[in-house]
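Asker: got a structure for you, letters missing:
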């Protein structure tokens, strides 16, 4: 009896152990290793022990490096514009398509296809479509007798942004639709009885009630926008110049081409700090909005 | 509601059709082009007027086809091998993640320590870390630290059997890539499975225990069959990441363990892109996720919305 109870007491740890060990070994330890390495001058051929400690040198070099600043700026431009446009289109489509339609599930299935296929393949498809002579855009322009556009040259950042919007707007659409369909019907009914028009319903009831979900959605999308790498790598390889070289791409180039692991680690740390800052900010904002939404909800219920 | 359904404006349906074309059109275009010869792609016969051929697929998979190809005198693209590598890595890491994640989720729910908040906080934290951030430490660790000394008995055993110089390291092996994928996906899988395990009635487990089943039997015979939908959602998400990932795989693989995304990127950076062949390989890479999407879109949407809407 005593052996079986001690076994029972140990069971949770036995169940949990593999997950904890793997995450500690392959996630936490590498992150710590990266922080440690960011203070060192470190070559890919060296083991960490052979590298020399240089203090904050890597961080200071990066801070003063105009190329790094340019990359950061490109990353921010990309992430902010992509998320803004996707939020507007995605939420707009959800509001428009929130009806009892026969083919709705088929529509959702087709919409999630772009985000399920590999980013590498998305990059490949769009690189073909933007091709100066073969691509569908320039062929279309030529067909109507317009000048062809140098998509991946002069307008590289815009082209990359459009590709990302194609791939990820459905994500926001689906989350927004789920949020819409879980709204309390009573509030909507009540407002309709009070004679609110469709637009008034959207602005005063649907959007405020959806807000907490929309903020989490926006946060998830923003975090993912900082991770985009393969699509851009395949489409432009960061070029021309530095015009599409986002931070993730610059980290990988610093590590593999310039062979400066210490600098790349410091850059990773900057990126991580930026993401942490955004996450914390949005979580705080979400708390506040949730409070307000709860209050608004209560007011609606009291009013009726 | 039924009345409302009939009264949809025809323009509304036009918009719907346009949206579908926009979402699926590019993928369909890749599908069609993968059956065209480069001559047809370049000549610009945009329509459907061409002789479909599987030659591009044959060129891509030339290293595993059992027969000789007439149009090819040298097999340069070794996509077949990469395809097998991708399959091994994606399947094994999905399976491992599910088993380990399931057990951890069960422990967190049933034995009540820490619980949902810990898992959801970890999930968000891990989701925040871009793969590019893991690139440097993983490259360093897998090449220099996670090694077995060649002088030790296990190291020399592996060395003697598989050849090579230096210490036996994780980098360049399938296991090395699988390890990082499992670690990356675990938090999400644990978190999603928790929400399904919570719904399993406790009485069922207690009844099984009364009949003399041990904790492992209860878990495998009672709990697991009941959370199949959750397992499906978790499996698809893990498989998708392991199957599609490029950056970490490219840092960790060597000549023999390259996955399909790596080969596609390598071939795209060449000056003269062979569009037909590259689209055929892209299609091969896209087919498994497309099949999953068509057959299990409900599970995928559950997995996607669980994060934001309920979380």
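Answerer: Alright, I've got the coordinates. A quick note: this is a predicted structure, and the numbers were derived from the prediction, not measured.
Asker: From the contact counts, what lies against the host helix or strand of residue B:182?
Answerer: In this assignment (DSSP states H and E), residue B:182 forms part of helix B:174-197. Judged by 3 or more C-beta pairs under 8 Å, 6 or more residues apart in numbering or on different chains; DSSP states H and E, the packing partners of helix B:174-197 are helix A:2-23, helix B:79-110, helix B:116-128, helix B:131-140, helix B:228-244, helix B:247-252. Bear in mind the C-beta positions are built from the backbone N, C-alpha and C, glycine included.
Asker: Going along the chain from the shortest one, find the next helix or strand for me.
Answerer: The one in question is helix B:247-252. helix B:260-268.
Asker: What lies in contact with that next one?
Answerer: Surrounding helix B:260-268, the residues in contact under the criterion C-beta atoms under 8 Å, 6 or more residues apart in numbering or on different chains are A:118, A:120-121, A:123-124, A:127, A:230, A:233-234, B:77-79, B:82-83, B:85-86, B:244-246, B:249-250, B:253, B:273-274, B:277-278, B:281-282, B:284-285.
Asker: and the gap between residue A:154 and residue A:75?
Answerer: 20 Å (C-beta to C-beta, to the nearest Å).
Asker: neighbour count winner among these two?
Answerer: Taking neighbours as other C-beta atoms under 10 Å in any protein chain shown, residue A:154 and residue A:75 compare with residue A:75 leading, 22 against 12.
Asker: Just list the residues touching the more buried one, thanks.
Answerer: By C-beta under 8 Å, 6+ apart, residue A:75 lies in contact with A:226, A:246-248.
Asker: Could you provide these in JSON lines, with additional columns for secondary structure, neighbour count and distance to chain B?
Answerer: Below are those laid out as JSON lines (DSSP: H, G, I helix; E, B strand; the rest coil; neighbours: other C-beta atoms under 10 Å in any protein chain shown; distance: C-beta to the nearest C-beta, whole Å):
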{"residue": "A:226", "secondary structure": "coil", "neighbour count": "23", "distance to chain B": "6"}
{"residue": "A:246", "secondary structure": "coil", "neighbour count": "28", "distance to chain B": "9"}
{"residue": "A:247", "secondary structure": "helix", "neighbour count": "25", "distance to chain B": "7"}
{"residue": "A:248", "secondary structure": "helix", "neighbour count": "26", "distance to chain B": "4"}
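Asker: quick one: which of the residues you listed is nearest to residue A:136?
Answerer: Residue A:136 has its nearest neighbour among those in residue A:246, at 25.4 Å by C-beta to C-beta.
Asker: if I pick the closest one, what's in contact with it?
Answerer: Going by C-beta under 8 Å, 6+ apart, residue A:246 touches A:71, A:74-75, A:78, A:226, A:228-229, A:232, A:238.
Asker: Can you pull out the low-pLDDT segments for the stretch 1-150 of chain B?
Answerer: By pLDDT under 70, the low-scoring segments of the stretch 1-150 of chain B are B:1-8, B:44-49, B:69-70, B:72-73, B:112-117, B:119-120, B:150.
Asker: end to end, how far does stretch A:221-239 reach?
Answerer: Stretch A:221-239 stretches 24 Å from its first residue to its last (C-alpha to C-alpha, to the nearest Å).
Asker: Pull out the buried residues from that stretch.
Answerer: Buried positions in stretch A:221-239, judged by neighbour count with 16 or more other C-beta atoms under 10 Å in any protein chain shown: A:221-238.
Asker: picking up where we left off before, which two of the contacts of residue A:246 have the greatest separation?
Answerer: Using C-beta to C-beta, the pair of those lying farthest apart is A:226 and A:238, separated by 15.4 Å.
Asker: for chain A, what's the longest helix?
Answerer: Longest helix of chain A, by residue count under DSSP state H: helix A:261-303.
Asker: The nearest residue to residue B:240 once chain neighbours are set aside is in what secondary structure piece?
Answerer: Nearest non-adjacent residue to residue B:240, counting by C-beta to C-beta, 6 or more residues apart in numbering or on different chains: residue B:289, 5.7 Å away. Assigned by DSSP H and E, residue B:289 belongs to helix B:275-305.
Asker: how far out from the middle of the chain is that helix?
Answerer: How far helix B:275-305 lies from its chain's middle: 10 Å, per C-alpha atoms, centre = their mean, to the nearest Å.
Asker: Stretch A:35-53 now?
Answerer: With C-alpha atoms, centre = their mean, you get 31 Å for stretch A:35-53.
Asker: What count of nearby residues applies to residue 41?
Answerer: Here I'm looking at chain A. With other C-beta under 10 Å as criterion, residue A:41 counts 16.
Asker: was after chain B, sorry
Answerer: When neighbours are counted by other C-beta under 10 Å, residue B:41 registers 22.
Asker: Hmm, residue B:94 is touching residue B:239, no?
Answerer: Yes - using C-beta atoms under 8 Å, residue B:94 is in contact with residue B:239, at 4.6 Å.
Asker: where do the contact lists of the two overlap?
Answerer: Residues touching both residue B:94 and residue B:239 (C-beta under 8 Å, 6+ apart): none.
Asker: Compare the two (neighbour count), which wins?
Answerer: residue B:94 (25 against 22).
Asker: who's in contact with the residue nearest in space to the middle of chain A?
Answerer: Using C-alpha atoms, centre = their mean, the residue of chain A that lies closest to the mean C-alpha position is residue A:224, 1.9 Å off. Neighbouring residues of residue A:224 by C-beta under 8 Å, 6+ apart: residue A:168.
Asker: Okay, and it sits in which element?
Answerer: Using DSSP H and E, residue A:224 falls in helix A:207-225.
Asker: Okay, buried residues for that helix please.
Answerer: Going by neighbour count (16+ other C-beta under 10 Å), the buried part of helix A:207-225 is A:209-225.
Asker: sorry, back to before: distance to residue A:177 for the helices and strands packed on helix B:174-197 - can I get that in TSV?
Answerer: Output for the helices and strands packed on helix B:174-197, formatted as TSV (distance: least, C-beta to C-beta, whole Å):
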stretch	distance to residue A:177
helix A:2-23	33
helix B:79-110	27
helix B:116-128	22
helix B:131-140	29
helix B:228-244	18
helix B:247-252	31
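Asker: among those helices, which is nearest residue B:171?
Answerer: Among those, the nearest to residue B:171 by C-beta to C-beta is helix B:247-252 (5.3 Å).
Asker: Now do the buried residues in that closest one.
Answerer: B:247-252.
Asker: Those residues also near chain A: which ones?
Answerer: Among those, the residues that sit close to chain A (C-beta under 8 Å from any C-beta of the partner chain) are B:247, B:251.
Asker: Make CSV from the buried residues of helix B:247-252 and add pLDDT to it.
Answerer: Output for the buried residues of helix B:247-252, formatted as CSV (pLDDT from 0 to 100):
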residue, pLDDT
B:247, 89
B:248, 89
B:249, 89
B:250, 87
B:251, 85
B:252, 85
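Asker: Closest one of the buried residues of helix B:247-252 to chain A?
Answerer: Taking C-beta to the nearest C-beta as the measure, chain A sits nearest to residue B:247 out of these, at 5.9 Å.
Asker: give the contact list for the nearest residue to the closest one once chain neighbours are set aside.
Answerer: Excluding the flanking residues, the one nearest residue B:247 by C-beta to C-beta, 6+ apart is residue B:131, at 5.0 Å. Counting by C-beta under 8 Å, 6+ apart, residue B:131 makes contact with A:227, A:229, A:248, B:184, B:245, B:247-248.
Asker: for residue B:29, same thing?
Answerer: Contacts of residue B:29 (C-beta under 8 Å, 6+ apart): A:125, A:128-129, A:136.
Asker: show me the contacts for residue B:269.
Answerer: residue A:237 are the contacts of residue B:269 under C-beta under 8 Å, 6+ apart.
Asker: What count of nearby residues applies to residue B:168?
Answerer: Using other C-beta under 10 Å, the number of residues around residue B:168 comes to 20.
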